[in-house]
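In: model the following, please.
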Amino acid sequence: MTTQETGQLPPLVEPAPALSKDETERYSRHLIIPEVGMIGQLRLKNAKVLVIGAGGLGSPAMLYLAAAGVGRIGIVDDDEVEVSNLQRQVIHGVADLGRSKAASARDSILALNPGVDVVLHEVRLDSGNALEIFAGYDVILDGTDNFATRYLVNDAAALLGKPYVWGSILRFDGQVSVFWDAYGPNYRDLYPEAPPPGSVPSCAEGGVLGVLCAQIGSVMVNEAIKLITGIGQTLLGRVLVFNALQMSWRELKVRKDPAAEPITRLVDYEAFCGVASTREVDSDHAVDARTLSRMLAERDAGKRDFQLIDVREPGEYEVVNIPGAVMIPKGRILSGEALDDLPREQDLVFHCKSGGRSSEVLENLLAQGYTRVSHLDGGILAWVRDVEPAKPVY
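Out: Below is the predicted model of the structure:
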């Protein structure tokens with residue numbers, strides 16, 4: 001049987017020379033497991049794991065990597081802690097609001113296990129820095145929530161011959177797998193082509209059950225430990241799919257495509273995923289929040305006629321909305337279902353949370369011949385910031 005069929009892989013890391021007395025006591029529950037034992041713990045001590053994103057999946061993953069005794073944890077994140085993160089990103093606390101996520105995560109890791117070496121990469125991962133960053137690590141954990149970064153992580157890992165553990169979450173659903181081009185399938189074998197832009201919402205758009213992050217994040221660490229120590233059957237060639245509402249797990253097989261083009265270089269991943277094209281319409285068909293506020297006042301006074309259309313989902317509308325907006329979710333517009341509700345002879349202004357989805361709607365309608373269309377630059381986040389700061393954001 002092949003490696004892909006068995007999931008059994010050689011140990012990824014050579015063992016460290018020894019454990020100290022304190023380390024022996026700390027990891028004693030690992031040491032008495034026959035499959036892990038002293039040699040396995042020494043491999044963990046010598047391991048270097050890079051975590052992409054100190055967010056929902058990265059938070060529990062980093063805590064459990066540290067607790068397990070992984071010697072070095074690298075963190076790639078250029079974001080800051082926001083209050084909406086705290087519902088699921090358990091590595092951060094109220095005192096960390098406004099701080100660098102990477103620095104906040106480092107402090108939590110060291111509070112749990114001061115013997116871990118934490119390396120911060122407070123940059124946005126891109127084609128120019130991925131190979132250099134990845135080169136210093138044994139295994140990559142990818143907890144990001146966008147396809148462009150996932151393809152970048154996949155290709156960089158493949159070029160360097162490194163395995164990576166992938167996790168994905170949305171609402172009540174999670175997925176986990178291991179990709180390693182040297183031994184089996186990579187992420188492109190699961191998704192040969194990127195889904196259309198906006199067809200899969202991010203957690204910020206669709207929401208996520210907070211505890212789901214812990215359920216999927218812990219499985220990701222379980223896979224990393226098996227890769228490092230060479231024990232058990234990894235998820236290489238399998239995608240584990242979890243539904244938290246049903247509390248059910250199922251498994252999908254994924255195989256390497258023998259006809260697939262080899263990965264030879266990194267590319268422009270936003271262009272590959274179609275992200276860049278949705279931004280080209282912004283400058284010519286955008287209004288800012290203060291301008292929209294004046295337009296609404298003129299409409300209320302009978303001096304202007306236009307429709308303000310909220311393309312978000314009902315749950316988002318309930319959190320915060322702009323008075324006078326009509327809700328037509330993006331999916332109904334892009335599918336054509338709602339076109340009868342969008343008159344061509346009237347000015348239409350679309351808005352979403354931050355501008356991405358309304359930009360997609362705008363591009364779609366312009367392609368269909370609509371001319372009297374625009375969108376709110378920055379979305380409702382800009383509206384709250386500049387017009388109604390007493391309202392909540394999410």
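
In: so, low pLDDT: which residues of the stretch 251-394 of the chain?
Out: 275-282 (pLDDT under 70).

In: can you show me the helices along it?
Out: Assigned by DSSP state H, counting those that start in this stretch, the stretch 251-394 of the chain shows helices spanning 269-272, 289-300, 314-319, 330-334, 356-367, 379-386.

In: of those helices, which stretch is the most buried?
Out: Mean neighbour count (mean count of other C-beta atoms under 10 Å) peaks for helix 356-367 among those, with a mean of 23. In short, each C-beta sits where N, CA and C put it, glycine included.

In: check which helices and strands that one sits against.
Out: With contacts taken as 3 or more C-beta pairs under 8 Å, 6 or more residues apart in numbering; DSSP states H and E, helix 356-367 sits against helix 330-334, strand 347-351, strand 373-376.

In: got the buried residues for stretch 368-380?
Out: Y370, V373, S374, H375, L376, D377, G378, G379, I380 (16 or more other C-beta atoms under 10 Å).

In: what mean pLDDT does the lengthiest helix in the chain get?
Out: With DSSP state H applied, the helix covering the greatest number of residues in the chain is identified as helix 210-229. Averaging pLDDT along helix 210-229 yields 98.

In: hang on, F306 packs against P343?
Out: No: in this structure, F306 is not within contact of P343 by C-beta atoms under 8 Å, at 10.6 Å.

In: looking at those two, which is more packed in?
Out: F306 (16 against 12; other C-beta atoms under 10 Å).

In: run through the residues that contact the more buried one.
Out: M295, R299, Q346, D347, L348, V349 (C-beta atoms under 8 Å, 6 or more residues apart in numbering).

In: could you say which helix or strand contains V123?
Out: Following DSSP states H and E, one finds V123 outside all helices and strands.

In: separation between the closest residue to it other than its chain neighbours and P60?
Out: Once flanking residues are discounted, V123 sits nearest to D78: 5.5 Å by C-beta to C-beta, 6 or more residues apart in numbering. Taking C-beta to C-beta, to the nearest Å as the measure, D78 falls 21 Å from P60.

In: between the two, which is the more surrounded one?
Out: Using other C-beta under 10 Å as the criterion, D78 and P60 rank with P60 on top: 24 against 13.

In: that one touches L212, doesn't it?
Out: No: in this structure, P60 is not within contact of L212 by C-beta under 8 Å, at 10.3 Å.

In: ok, back up a step: quick one: which of the helices of the stretch 251-394 of the chain is nearest R43?
Out: In terms of C-beta to C-beta, the element of the helices of the stretch 251-394 of the chain nearest to R43 is helix 269-272, at 32.5 Å.

In: which strands and helices sit next to the closest one?
Out: Right, helix 269-272 is packed against helix 147-160 by 3+ C-beta pairs under 8 Å, 6+ apart.

In: any residues touching the helix it packs on, and which ones?
Out: Here helix 147-160 has contacts from 52, 125-127, 130-131, 134-135, 140, 142, 144, 163-164, 166, 179-181, 186-188, 191, 194-195, 200, 263-267, 269-270, 272-273, 275, using C-beta under 8 Å, 6+ apart.

In: would you turn the helices and strands packed on helix 356-367 into JSON lines with distance to L9?
Out: Shown next, in JSON lines, are those (distance: least, C-beta to C-beta, whole Å):
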{"stretch": "helix 330-334", "distance to L9": "41"}
{"stretch": "strand 347-351", "distance to L9": "49"}
{"stretch": "strand 373-376", "distance to L9": "48"}
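
In: I'd like to know which of these is closest to A204.
Out: Of the helices and strands packed on helix 356-367, nearest to A204 by C-beta to C-beta is helix 330-334, at 14.0 Å.

In: where does pLDDT dip in the stretch 101-250 of the chain?
Out: Ranges of the stretch 101-250 of the chain meeting pLDDT under 70: 197-199.

In: can you give me the strands in it?
Out: Counting by DSSP state E, counting those that start in this stretch, the stretch 101-250 of the chain has strands at residues 117-121, 139-142, 164-170, 173-179, 238-243, 248-253.

In: will you turn these into CSV that also has mean neighbour count?
Out: Shown next, in CSV, are the strands of the stretch 101-250 of the chain (neighbours: other C-beta atoms under 10 Å):
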stretch, mean neighbour count
strand 117-121, 17
strand 139-142, 26
strand 164-170, 25
strand 173-179, 24
strand 238-243, 18
strand 248-253, 11
